[in-house]
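Peer 1: below is the sequence, then the predicted model.
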Amino acid sequence: MTGLPGAALMLALALLVSPGSPRGRLAAVGSARWRVVFGARAASWLSACALGVAMVVLPFPTAVATAAAGATVGVRCLRRRHSRNAAAEGRELEAALEVLVGELRVGAHPVRAFDVAADESGGPVSLAMRAVAARARLGADVAAGLRAAAQSSALPAQWGRLAVCWQLAGEHGLAISTLMRAAQRDIIERQRFSAKVIAGLAGARATAGILAALPLLGMLLGQLIGAQPLRFLFGGGAAGGWFLAVGVVLLCGGLLWSDRISDRVLSG
């Protein structure tokens, strides 16, 4: 029981300094890049140390429960961070495409259009636009540059559609500004649909959270009436420890499965 708070604290610290997503690392410049790299290495070392200490100090079933809980918290935090990054990048991409289409319609060269769009946007979208402009300035294929931007983006499908539109315009002589405008409208509609689906899933996610908290409420009530469930789970020998491990693993599995269902609805 005495080693559990320390192991939980170390796992929490490891999660707090966890490295950012690829788009976040691309957005970092100067000294910020070094801070991100240091954070990634520190997270790896702290996670390994926390796991090692938990395995040595705690009984094996308790260590399994602690590892499962920490991993679940980490996975859910990463998913939420990715969702926020995708929403922010979607808004940035909409604004950048608005500028890009405007420049192309007045007859600007694609290099100039991408440079202006990069100046008017921010974050990973600005970096991607500048990279595409640099490739176009050197005579490389713009569609290939857009596909390369998709590899480090939180919205790879959207950048892939832009690449397809640009390739179609080059192969069939279509107006690139018209195709980019259509791609922008498609992104806007997809963002609106995702927002509606997320709002509709709020009730289901709240229900999943409440169901996951019911075992904790049961333990609290048992502790209040003198049944001593915490003493059994953490100090009741192998039986209590394995009950704790199985319960935590099942609870974490239920949360991750509900998140998977929600993600499939959003991706569909």
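Peer 2: Here it is on my side, so go on. Numbers count the residues shown, from 1 in each chain.

Peer 1: in stretch 253-268, what's buried?
Peer 2: Buried residues in stretch 253-268, counted by 16 or more other C-beta atoms under 10 Å: 255, 258-259, 262. Where C-beta positions appear, they are placed from N, C-alpha and C, glycine not excepted.

Peer 1: distance between that stretch and the chain's centre?
Peer 2: 14 Å (C-alpha atoms, centre = their mean, to the nearest Å).

Peer 1: can I get the CA coordinates of that stretch in CSV?
Peer 2: Extracted in CSV, the C-alpha atoms of stretch 253-268 (Å, rounded to 0.1, in the frame of the first residue of the first chain):
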residue,chain,number,x,y,z
GLY,A,253,-10.6,-2.1,-21.3
GLY,A,254,-14.2,-0.9,-21.2
LEU,A,255,-13.1,2.7,-21.4
LEU,A,256,-10.8,2.1,-24.3
TRP,A,257,-13.4,0.1,-26.1
SER,A,258,-16.0,2.9,-25.8
ASP,A,259,-13.4,5.3,-27.1
ARG,A,260,-12.8,3.0,-30.1
ILE,A,261,-16.5,2.9,-30.8
SER,A,262,-16.7,6.7,-30.7
ASP,A,263,-13.7,7.0,-33.0
ARG,A,264,-15.2,4.6,-35.5
VAL,A,265,-18.4,6.7,-35.6
LEU,A,266,-16.3,9.9,-36.2
SER,A,267,-14.2,8.3,-38.9
GLY,A,268,-17.3,6.9,-40.6
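
Peer 1: can you give me the helices for the chain?
Peer 2: Listed in chain order, the helices of the chain (DSSP state H) span 3-16, 22-27, 31-57, 60-105, 110-120, 123-137, 142-151, 156-172, 176-200, 202-224, 229-235, 237-267.

Peer 1: reformat these into a markdown table and put mean pLDDT next to each item.
Peer 2: Shown next, in a markdown table, are these (pLDDT from 0 to 100):
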| stretch | mean pLDDT |
| --- | --- |
| helix 3-16 | 46 |
| helix 22-27 | 44 |
| helix 31-57 | 55 |
| helix 60-105 | 87 |
| helix 110-120 | 89 |
| helix 123-137 | 89 |
| helix 142-151 | 89 |
| helix 156-172 | 88 |
| helix 176-200 | 87 |
| helix 202-224 | 88 |
| helix 229-235 | 82 |
| helix 237-267 | 86 |
